[in-house]
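Student: need a 3D model of the sequence below.
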Amino acid sequence: MSIGQLQQRMMNMTSISTTSVEIDQFLDKLRSEFKGNPKILPQILVTFLEGLYGRRHFIWQKAGQLKPSNAYIKMAQELLRHLKQEMIEQLQPVQHENKMTQQKWQKAMDEQSTKLTFLQNKHEQMMAYAEMIPHAKELLHQKEAEALELQKKKEQYEQAKLRVKLNAQERAKEALQLQEAKQKWTKIEARLTQLYSMLEEKKKGLAPLHEIISTKPESEHETVLRKLASLSYTRESLKQERKRLPEFQSIQGMWLSLLEEANDHDLNEIRKLYVQHSNVIGTTCVASARKDFIESYPIFDVVIIDEVSKATPPELLLPMLKGKKIILVGDHHQLPPLSGNDTLEETLQEMAVKSEDFDGKTELKQLLKESLFERLFKNLPKSNKTMLAIQYRMHENIMATITQFYEQENKQFQCGLKDSDFERDHKLVSPLIQRNNHLLWLDMPNEPAFFEERMKGGKSLYNQAELRKIGELLKELDEAVALAKQAGRMKANEKKSIGVISFYGEQVKRVERMIQQELRLPNLTIRTGTVDRFQGMEMDVILLSMVRNHDNEQDDIGFAKDNRRLNVALSRARELLVLIGSSKMFTERTKHKDTRQMYTNVLEVVKKQDGLRMLEAVSLHG
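Tutor: Model prediction:
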């Protein structure tokens, strides 16, 4: 095959697709064949020639497809021009904006530069006048620490402020709930009042049934028969009396006529006859010493003297001389006799001031410690004395305060009332007092605003803060009685008896003056007096003003430390007892341990009955 035929054959064949790298590799292989083997077989040579002509034909085809380079250059230039024009059009607004921004920043920089120059000048001027701060670095650290501390406090303040806000919201919510609760309580109270009234009516209706149920028919029948027999006898007696009535009326007329015409001698003789036929005569110890009594009244079989502890030895001696048998009734756990309107302690103080060498001072002090009745009670044999251990005066909650004074006796102190709540119901409802309250202590703070005061040139004490509380409490009690009448718990014309007592006479005088001059209490019957003067008396409600309140470590509580006086004070009330004074003063600041324990016992009883009212919790503000 000739070279021409070989070329024509390769041109007619499908073009060989190859790359420049493959062409280089083919030529390297051909070169290495010629170098290593000069004598190449024709068949191999034909193969190499076919490869060369095929690749040449491929290159010529590619070259024919390419345009001249000038056309490509011109096309590239045209594209570049269009691209440049588009870029210029896009960059011109950006360039303008950048220019404006640059001008703006330049202006701002100029202004800041001017300010900086001004501040530098000012700083240089200030530095000229300023002094160097010693230890500035340490001071700076200190100030930074203080700033951090202030920042913490600020955060704490913000937190506290938030808590206050939350608490205020909570209090507002609680106030709303309290208002709703008060409204509910008012409704409940009205309903309770209605139910109490219904209960009273039911009890009254059940009383006859109870009597019927509690009796046995057989015994009742026998009782009725006995009553019928007695009535029959009485009927016959009345018939006989009726027959004799004209005769009796005639004699009675004659007797009245004689009495009208009788002279003093006749009246004395009649009085003697009357006394001879009387089996019980009542009088006072002092009246029994009168001449006419001594001459008119004979020796008695039995003389009974009540409230013996209040009588002086001479007062006791006179009636005791007139009896074959003497029965003394009293309480040696209560106070000895009074001297005028003051307590014996006040009287003794006054005597000591007037006369330092007063002869009877020692005997009077001994009488204060132990009365004649107490000495008799202690010295008499057991067969001659007994204790009346059942009391019927006061509610059992009030009685609990005085049981401590009778713990050493051989009988336990008891309440004789079957139902204290019913029989000693004060029927009062107010912001301070509820129906189930029978014992309260209004606790005054042990602070200067509530301290006692002494009379100028006097021996007695008073407490102005307690006076205000008493006045407000009396008004509240008066309103409570009026409400009880409206609710039907009390009769329209009924009044509540109130006793206002104190350990000190000056306090009593000021209470009396306040009641007379400042208060209008139409629903109350009020009596005032010292604790000593009130011995032997009782009231529905007792307000005890304790007076003593101070911070003087050298002073004590004076008359109030006497357990007999406290016993009298606590045992005057039937339905409600209210103590007004500082619990801290009487249970903590008192000098003597026994006295502190005595008042602590009272306070514990009050707390058990939920009767302690702190001044802040009481709606009685002066």
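
Student: any idea how many residues pack against residue 558?
Tutor: 18 (other CB atoms under 10 Å). (C-beta placed from N, C-alpha, C; glycine too.)

Student: longest helix anywhere in the protein?
Tutor: helix 136-214 (DSSP state H).

Student: so where do the strands sit in the protein?
Tutor: 300-305, 323-328, 390-391, 414-415, 439-443, 453-454, 461-462, 496-502, 524-530, 539-545, 573-581, 612-614 (DSSP state E).

Student: looking at those strands, which is nearest to residue 382?
Tutor: For residue 382, the closest of the strands of the chain is strand 323-328, at 15.3 Å, according to CB to CB.

Student: in that closest one, what's buried?
Tutor: residue 328 (16 or more other CB atoms under 10 Å).

Student: rewinding a little: just send the strands of the chain back as CSV, with mean pLDDT too.
Tutor: Shown next, in CSV, are the strands of the chain (pLDDT from 0 to 100):
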stretch, mean pLDDT
strand 300-305, 92
strand 323-328, 92
strand 390-391, 90
strand 414-415, 91
strand 439-443, 96
strand 453-454, 92
strand 461-462, 94
strand 496-502, 96
strand 524-530, 95
strand 539-545, 97
strand 573-581, 97
strand 612-614, 92
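
Student: need those in JSON lines with distance to residue 82, can you?
Tutor: Shown next, in JSON lines, are the strands of the chain (distance: least, CB to CB, whole Å):
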{"stretch": "strand 300-305", "distance to residue 82": "143"}
{"stretch": "strand 323-328", "distance to residue 82": "142"}
{"stretch": "strand 390-391", "distance to residue 82": "126"}
{"stretch": "strand 414-415", "distance to residue 82": "122"}
{"stretch": "strand 439-443", "distance to residue 82": "104"}
{"stretch": "strand 453-454", "distance to residue 82": "113"}
{"stretch": "strand 461-462", "distance to residue 82": "116"}
{"stretch": "strand 496-502", "distance to residue 82": "117"}
{"stretch": "strand 524-530", "distance to residue 82": "117"}
{"stretch": "strand 539-545", "distance to residue 82": "114"}
{"stretch": "strand 573-581", "distance to residue 82": "110"}
{"stretch": "strand 612-614", "distance to residue 82": "99"}
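
Student: compare those strands and give me the one nearest residue 89.
Tutor: strand 612-614 (90.7 Å).

Student: looking at the strands of the chain, which is nearest to residue 257?
Tutor: strand 300-305 (34.2 Å).

Student: circling back: could you list every helix and strand in contact with the longest helix of the chain?
Tutor: Helix 136-214 is packed against no helix or strand, with contacts defined by 3 or more CB pairs under 8 Å, 6 or more residues apart in numbering; DSSP states H and E.

Student: run the chain-centre distance for that helix.
Tutor: 10 Å (CA atoms, centre = their mean, to the nearest Å).

Student: check stretch 241-252 too.
Tutor: That offset, for stretch 241-252, works out to 75 Å (CA atoms, centre = their mean).

Student: okay, buried residues for stretch 181-198 please.
Tutor: For stretch 181-198, using 16+ other CB under 10 Å, the buried residues are 193, 196.

Student: who touches it?
Tutor: Outside stretch 181-198, the residues that touch it by CB atoms under 8 Å, 6 or more residues apart in numbering are 429, 487, 488, 489.

Student: swap in stretch 415-425?
Tutor: 390-392, 394-397, 399, 435-436, 438, 574-575.

Student: return it as PDB; C-alpha atoms alone will do.
Tutor: Extracted in PDB, the C-alpha atoms of stretch 415-425 (Å, rounded to 0.1, in the frame of the first residue of the first chain):
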ATOM      1  CA  CYS A 415     -66.700  25.700 138.900                       C
ATOM      2  CA  GLY A 416     -70.200  25.000 140.100                       C
ATOM      3  CA  LEU A 417     -71.900  26.200 136.900                       C
ATOM      4  CA  LYS A 418     -73.400  23.400 134.800                       C
ATOM      5  CA  ASP A 419     -72.800  25.300 131.500                       C
ATOM      6  CA  SER A 420     -70.500  28.300 131.800                       C
ATOM      7  CA  ASP A 421     -70.900  29.300 128.200                       C
ATOM      8  CA  PHE A 422     -74.700  29.500 128.600                       C
ATOM      9  CA  GLU A 423     -75.000  30.800 132.100                       C
ATOM     10  CA  ARG A 424     -72.200  33.400 131.700                       C
ATOM     11  CA  ASP A 425     -72.800  34.400 128.100                       C
END
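
Student: sorry, back to before: average pLDDT across the longest helix of the chain?
Tutor: Helix 136-214 shows a mean pLDDT of 84.

Student: now swap in stretch 563-570 and tell me
Tutor: Computed over stretch 563-570, the average pLDDT equals 93.

Student: spatially nearest residue to residue 549 (excluding sequence neighbours)?
Tutor: residue 582 (4.5 Å; CB to CB, 6 or more residues apart in numbering).

Student: would you check that the one you found makes contact with residue 441?
Tutor: No - here residue 582 does not reach residue 441: they are 10.0 Å apart, not a contact under CB atoms under 8 Å.

Student: those two: who's more crowded?
Tutor: Neighbours per residue (other CB under 10 Å) separate residue 582 from residue 441, with residue 582 holding more: 29 against 25.

Student: torsion angles phi and psi at that one?
Tutor: phi -90, psi 110 (degrees, to the nearest 10).

Student: next up, the contacts around it.
Tutor: Counting by CB under 8 Å, 6+ apart, residue 582 has contacts 443, 444, 445, 446, 450, 546, 548, 549.

Student: and if you look at residue 599?
Tutor: With CB under 8 Å, 6+ apart, residue 599 has these contacts: 566, 583, 586, 587, 590.
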